[in-house]
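A.B. asks: Got a sequence here, can you model it:
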Amino acid sequence: MFGFINNSENKIFISGRELLGVENVNLNYSNSYSASRFLGMSRSHSLVMNDVQKSVSFSRYLIYNDPLFSSNPALPISGSINYNGSGYGFTSGFLTEYSVNCAVGAVPNVNAAMSIFGEMRTGINASGNATQPTIYIPNQGSISLVCDNATTNRVVGFDYAIKYLREPIYSIGSRFPVDVFSMPSIEYTASVQLDVDDAFLKSADSFLLQRENKTVSFTIRSRDGLQVLQTLTIPNASLIGENITSSADGGVKLTINYAGQT
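C.D. replies: A predicted model of the protein is given here:
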């Protein structure tokens with residue numbers, strides 16, 4: 001009683017596999033509460049007209065091939081947080097956002113968010129007997145990329161993000177969605193930060209002429225360069241904006257922004 005569950009006493013599981021390198025995790029739900037008043041009654045009544053909004057988000061270090069990124073995004077994911085011999089989790093989660101941040105002097109970081117369509121409660125345990133992956137720690141020297149100006153200017157970091165669009169389908173007589181439609185279009189964005197040597201911004205009015213079919217890709221390998229942990233690409237990449245800054249106490253910096261879709 002009045003104890004404290006520390007970080008070593010709880011574990012995160014996704015589809016039967018313990019998720020390693022987790023910095024933080026957040027499970028939450030909220031009801032669209034409204035108070036309605038009726039004639040002949042002195043107090044209001046609580047009404048919930050929509051499904052409970054349930055979500056899970058977490059951040060972790062990218063230290064092995066991410067099972068979330070490599071799984072089929074159209075299929076549901078189970079997950080749970082386990083402690084005190086029990087679990088609190090879900091069986092029908094769908095990845096909605098996934099992002100990777102890389103920077104000089106830091107281990108690559110992953111952020112993910114899922115929407116839960118179905119129950120999220122105590123008693124759901126997503127642990128299993130999946131073999132734990134081998135840990136590979138990448139560093140700045142084991143990360144490579146292909147984009148504008150990357151060969152003659154020093155890249156100091158990049159951010160990469162994917163957004164999946166989901167549409168739950170409801171039916172009268174069912175508390176939960178009878179199906180979750182995954183939109184065929186997937187949205188990709190990336191921004192690359194460089195210390196400038198010879199780069200200049202493109203013409204601001206050239207978007208319609210030069211935006212399409214750029215090659216933008218990022219490869220994250222283990223420290224020894226032998227294991228590919230993640231390959232990130234932007235299909236049909238378009239250059240959508242650039243930002244150049246200069247200050248009295250630093251050099252010239254350029255940020256390049258891309259977007260793409262399938």
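
A.B. asks: use CA for all of it now, contacts and neighbours both
C.D. replies: Noted.

A.B. asks: Show me the shaky parts of this structure.
C.D. replies: Applying pLDDT under 70 to the chain flags the ranges 1-2, 207-212.

A.B. asks: For the most far-flung residue of it relative to its centre, give me its contacts.
C.D. replies: What lies farthest from the middle of the chain is Gly40; by Cα atoms, centre = their mean that is 50.3 Å. By Cα atoms under 8 Å, 6 or more residues apart in numbering, Gly40 lies in contact with nothing.

A.B. asks: Val155 is in contact with Ala199, correct?
C.D. replies: No - applying Cα atoms under 8 Å, one finds Ala199 not in contact with Val155, separated by 11.6 Å.

A.B. asks: Three-state assignment for the nearest residue in space to Gln230 that is not next to it in sequence, please.
C.D. replies: Distances taken as Cα to Cα, 6 or more residues apart in numbering place Ile220 nearest to Gln230, at 5.2 Å, with adjacent residues excluded. Look at Ile220: counting by DSSP: H, G, I helix; E, B strand; the rest coil, its state is strand.

A.B. asks: wait, doesn't Ile220 sit right on Phe158?
C.D. replies: No - using Cα under 8 Å, Ile220 is not in contact with Phe158, being 11.9 Å away.

A.B. asks: neighbour count winner among these two?
C.D. replies: Ile220 (26 against 21; other Cα atoms under 10 Å).

A.B. asks: Distance check, that one against Val155.
C.D. replies: Distance, Ile220 to Val155, by Cα to Cα, to the nearest Å: 14 Å.

A.B. asks: And Val48, by the same measure?
C.D. replies: Counting by Cα to Cα, the gap from Val48 to Val155 is 50 Å.

A.B. asks: So between the two, which is more surrounded?
C.D. replies: Using other Cα under 10 Å, the more surrounded residue of Val48 and Val155 is Val155, with 21 against 11.

A.B. asks: Show me what that one is bridged to.
C.D. replies: Leu194 (DSSP bridges).

A.B. asks: Please apply the same query to Val100.
C.D. replies: Here Val100 sits in beta bridges with Val110, Tyr160, going by DSSP bridges.
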